[in-house]
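Engineer: pasting the structure only:
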């Protein structure tokens, strides 16, 4: 199974046993009595310290051991004489796999800005912050698959190349094999996509939902978990051009079932992180506390672990969109004109509104339902007219978290063929373009529902990081595809 990792050594190896440590040097310190080498292999936030006596390591070899170099150290595991670690390795042999010239190696033992680390994304996983984030990313991905597997869902691989725009946003990356210098043209002068690889215009997917619904109408409960793409020219801290989405779709689920699943699911994966990633979360909490000290007291967010417990330990409040608007209109920030964005029925709520509902009013996560039809996607189930609502609504739901606002968006899907077609005409979608989607409403239609969770947004919440580009190994954003 390969070499024993540092995480195993620290948790399982007994004092007095011989161990072999393989990893990268974080620091090297020399005194007149000893040489101390801190090594990390990425398996844990904790380094293991190797200790050698002066002269024990040949001078030529010692010069090669610098921050960033890669070593194999053999020695006896002993109780540590110093503070900061319980055990250390009393070195008997060292082998240098690869050197790192200290004049060129950019990761030196000092604090580096996140902006700088984005410029060296090939090396930033070697830092404590990013190794912690990547271990959490793995743990959360594993928890996602475990949750759905244990609850009777089937993992469905939906296409990355598609001819449909599930969100109707139009901000899609085109996929083509046409020679851009010699584009074939129709008689009308338009690009002739019949000459392209697929014989039609195709793009990178923005969502696996539509194909996911097809799976649900045969397997009852499915989920997708894969990359999605959005060609939105946005450089905010919350947008990526390539990101991962988790999208369950369930036959025979209505809005209430959908809400129950969403709440249970996010609580499960966050609880999994709390139970299995304590060292990394504690490190990230301390890091966040240092950042928060630079902010005014009234702008500081709750400690990371407290925020995660806030989600896990509370029942989510369920509120209609109309009720939420009424609460916002009566709120002190609205009356004192402290909201940046106006509040009125029919608006798409902004993050400041969502956070007020979660953090100030209800003081718990919130699920908003029954949004105005005009601001939601064509596939959402239309509610019957309600005199208490200022306009037509759909059975949509958004899950709102502290600090981040919306983290999940979903709905009961419209299973009525005629209503769905009429709504598509309203928003300018040609039914012929997704005839296969409509046929599920003709051949054994059934109530069904689903939602989408942006994986990076979840990691952003769990890690406490402030920029979504720092929770994915190699971020894709406008003018950014270096690595």
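Structural biologist: That came in fine, so what should we check first? Here the structure is a predicted model, which means the values were calculated and not measured.
Engineer: ok, which stretches of the stretch 101-250 of the chain are strands?
Structural biologist: Applying DSSP state E, counting those that start in this stretch to the stretch 101-250 of the chain gives strands spanning 154-155, 161-162, 174-175, 202-204, 221-229, 242-251.
Engineer: How about the stretch 351-483 of the chain?
Structural biologist: Going by DSSP E, counting those that start in this stretch, the stretch 351-483 of the chain shows strands at 366-372, 393-401, 405-413, 448-454.
Engineer: Can you lay out the ones you listed as CSV showing mean neighbour count, distance to residue 225 and mean pLDDT?
Structural biologist: Backbone N, C-alpha and C define where each C-beta goes, glycine included. As requested, these are arranged in CSV below (neighbours: other CB atoms under 10 Å; distance: least, CB to CB, whole Å; pLDDT from 0 to 100):
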stretch, mean neighbour count, distance to residue 225, mean pLDDT
strand 366-372, 23, 22, 98
strand 393-401, 25, 18, 98
strand 405-413, 23, 14, 97
strand 448-454, 24, 10, 98
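Engineer: Which among those strands is found nearest to residue 20?
Structural biologist: Closest of the strands of the stretch 351-483 of the chain to residue 20 is strand 448-454, at 41.1 Å (criterion: CB to CB).
Engineer: That closest one to strand 242-251, inter-axis angle?
Structural biologist: If you take axes from the mean of the first three to the mean of the last three CA atoms, to 10 degrees, strand 448-454 sits at 160 degrees to strand 242-251.
Engineer: list the buried ones in stretch 19-31?
Structural biologist: Within stretch 19-31, the residues scored as buried using 16 or more other CB atoms under 10 Å are 19, 21-26, 28.
Engineer: my bad, stretch 28-45
Structural biologist: For stretch 28-45, burial by neighbour count (16+ other CB under 10 Å) applies to 28, 35, 37-41, 43-45.
Engineer: can you give me the end-to-end distance of it?
Structural biologist: Start-to-end span of stretch 28-45 (CA to CA, to the nearest Å) is 18 Å.
Engineer: ok, residues contacting that stretch?
Structural biologist: Residues from elsewhere that reach stretch 28-45 (CB atoms under 8 Å, 6 or more residues apart in numbering): 5-8, 10, 21-27, 46-54, 56-57, 62, 65-67, 71, 73, 91, 125-126, 128, 131-132, 135, 279-280, 283.
Engineer: Just the buried ones from these, in PyMOL syntax?
Structural biologist: Buried residues among the contacts of stretch 28-45 (16+ other CB under 10 Å), as a PyMOL selection:
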select buried, resi 5+6+7+10+21+22+23+24+25+26+46+47+48+49+50+51+52+57+62+65+66+67+71+73+91+126+128+131+132+135+280+283
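Engineer: now, which of the contacts of stretch 28-45 lie within strands?
Structural biologist: Judged by DSSP state E, the subset of the contacts of stretch 28-45 located in strands is 21-27, 48-52, 71, 73, 91.
Engineer: Quickly name whichever of those residues is closest to residue 237.
Structural biologist: Once CB to CB is applied, the member of the ones in strands among the contacts of stretch 28-45 that ends up nearest residue 237 is residue 26, at 28.6 Å.
Engineer: Please name the residues that touch the closest one.
Structural biologist: Residues in contact with residue 26 (CB under 8 Å, 6+ apart) are 38-40, 47, 67, 109.
Engineer: Swap in 10 Å and give it another go.
Structural biologist: 37-40, 47-49, 67-68, 107, 109, 126-128 (CB atoms under 10 Å, 6 or more residues apart in numbering).
Engineer: Distance of it relative to residue 431?
Structural biologist: Residue 26 sits 60 Å away from residue 431, going by CB to CB, to the nearest Å.
Engineer: Out of the ones in strands among the contacts of stretch 28-45, the closest to residue 114 would be?
Structural biologist: The closest of these, once distances to residue 114 are taken by CB to CB, is residue 26, at 18.9 Å.
Engineer: Just the pLDDT for that closest one.
Structural biologist: At residue 26, the pLDDT value in this model is 97.
Engineer: The residue lying closest to it once chain neighbours are set aside: which element?
Structural biologist: Nearest non-adjacent residue to residue 26, counting by CB to CB, 6 or more residues apart in numbering: residue 38, 4.4 Å away. Following DSSP states H and E, one finds residue 38 within strand 35-40.
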